[in-house]
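Engineer: Structure, please.
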Amino acid sequence: MIARIDDHGDRLVVVNANSAKRNALSPEYYAVLAEALDRAERGGLAALILHGEGGYFCAGGDLAQIATRRELPEPERVARIEALHDLIRGVMACPVPVMAAIEGGAAGAGASIAFACDMIVAARGATVSAAYVKAGLVPDGGLTANLATCLPRPMLMRMALTGEAVAVERLHELGAIGDLCAPGDALAAAHALADRLADGPIAAQTRIKRLVATAYTDDPRVQLDAERDAMAAAVAAPEAAEGIAAFLERRRPDFRSAR
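Structural biologist: Have a look, this model is predicted:
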């Protein structure tokens, strides 16, 4: 088994267990991640965590498999790429926060998946690389779009054109990675963050995720309308009743009781 879901009740951990290939992507991983995203759509979860076994997050696409596509007709090559892009769209549209727990490194499409997530926890000493160019390939999986929201253009250009690895500490300084931890602790740190989310107002978090997703692309006037509609719905929800009451009563809110 080179991919699996570990069920922790209010969150799922999607494990890439293809450690013999530094967790290169596989059809099994695609299927497992798609299943986790489908379960998140059905409700009852607070978060998804993406994790790679063996001390490395994901080395990206399996070049031995990619090499077999060279002779395929273009529509079939496009279809193979769309399979990855469907997963990326699913991660970005997931109603609950998705976290990447990075140990060792994330390269190529592994970096694409990590930066499609809402939050990244990375172990110090890990690296990120847009390594496609080293194989004569170009970034896919939304990597250029997602990195462009958090990195200066010259740095993104250098990463994409050279394929060189960038330390997660540097990416953290620039705001591209939210949390750093000790080596070996990325999954535990992601669980700690998921604990905080699980204690929070999950319906409000879903609305917030949608608003943040459109904030980078929509006209500010359109975004104002989206915020208005989301706030109008949120203020009438049980979570807001509990949250406001707790504030006025100077106590900690119990959002779990409001679900």
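Engineer: Can you report how many residues lie near the residue nearest to A230 when sequence neighbours are not counted?
Structural biologist: With Cβ to Cβ, 6 or more residues apart in numbering as the criterion, A230 has its nearest non-adjacent residue at 4.5 Å, and that residue is R207. From N, CA and C alone the C-beta is placed, and that goes for glycine too. Using other Cβ atoms under 10 Å, R207 has 19 neighbouring residues.
Engineer: Same question for the one 3 residues further on.
Structural biologist: Other residues near R210 number 14, with proximity taken as other Cβ under 10 Å.
Engineer: Run the chain-centre distance for the helix or strand hosting it.
Structural biologist: Element membership for R210, per DSSP states H and E: helix 202-215. Remark: helix 202-215 is offset 14 Å from the chain centroid, using Cα atoms, centre = their mean, to the nearest Å.
Engineer: Need the residues that contact the helix or strand just after it.
Structural biologist: Using DSSP H and E, the next helix or strand after helix 202-215 towards the C-terminus is helix 220-235. Helix 220-235 is contacted from outside by A203, A204, R207, I208, R210, L211, T214, A215, D218, A240, using Cβ atoms under 8 Å, 6 or more residues apart in numbering.
Engineer: among the helices and strands of this protein, which has the poorest mean pLDDT?
Structural biologist: helix 63-67 (a mean of 85; mean pLDDT, DSSP states H and E).
Engineer: List the buried residues for it?
Structural biologist: I66 (16 or more other Cβ atoms under 10 Å).
Engineer: I'd like the numbering to begin with 851 instead of 1 from here.
Structural biologist: With 851 as the first residue, the last one maps to helix 913-917.
Engineer: quick one, strands of the stretch 901-1050 of the chain?
Structural biologist: Counting by DSSP state E, counting those that start in this stretch, the stretch 901-1050 of the chain has strands at residues 948-952, 955-957, 969-973, 977-979, 1016-1017, 1029-1031.
Engineer: so what secondary structure elements neighbour the second one?
Structural biologist: I take that to be strand 955-957. With contacts taken as 3 or more Cβ pairs under 8 Å, 6 or more residues apart in numbering; DSSP states H and E, strand 955-957 sits against strand 977-979.
Engineer: and the strand it packs on, what does it pack onto?
Structural biologist: Going by 3+ Cβ pairs under 8 Å, 6+ apart, strand 977-979 lies up against strand 955-957, helix 959-966, strand 1016-1017, helix 1018-1023.
Engineer: what distance separates the shortest one from the centre of its chain?
Structural biologist: Distance of strand 1016-1017 from the chain centroid (Cα atoms, centre = their mean) equals 18 Å.
Engineer: Contacts for that strand, please.
Structural biologist: Against strand 1016-1017 from outside (Cβ under 8 Å, 6+ apart): G975, A976, T977, V978, S979, M1005, M1009.
Engineer: strand partners of it, parallel vs antiparallel please.
Structural biologist: Partners of strand 1016-1017 in the sheet, by DSSP bridges, are strand 977-979 (antiparallel).
Engineer: contacting residues around the strand it pairs with?
Structural biologist: Identification of contacts with strand 977-979 by Cβ under 8 Å, 6+ apart yields 952, 954-958, 961, 964, 1009, 1013-1018, 1021.
Engineer: can we see that at 6 Å?
Structural biologist: Residues outside strand 977-979 that contact it (Cβ atoms under 6 Å, 6 or more residues apart in numbering) are G955, A956, A957, A961, G1013, A1015, V1016, A1017.
Engineer: can you give me how far it is from the chain middle?
Structural biologist: Put simply, strand 977-979 sits 15 Å off its chain's centre (Cα atoms, centre = their mean).
Engineer: got it, and stretch 891-902?
Structural biologist: For stretch 891-902, the distance to the chain centre is 10 Å (Cα atoms, centre = their mean).
Engineer: So which bits of that stretch are buried?
Structural biologist: L895, A896, A897, L898, I899, L900, H901, G902.
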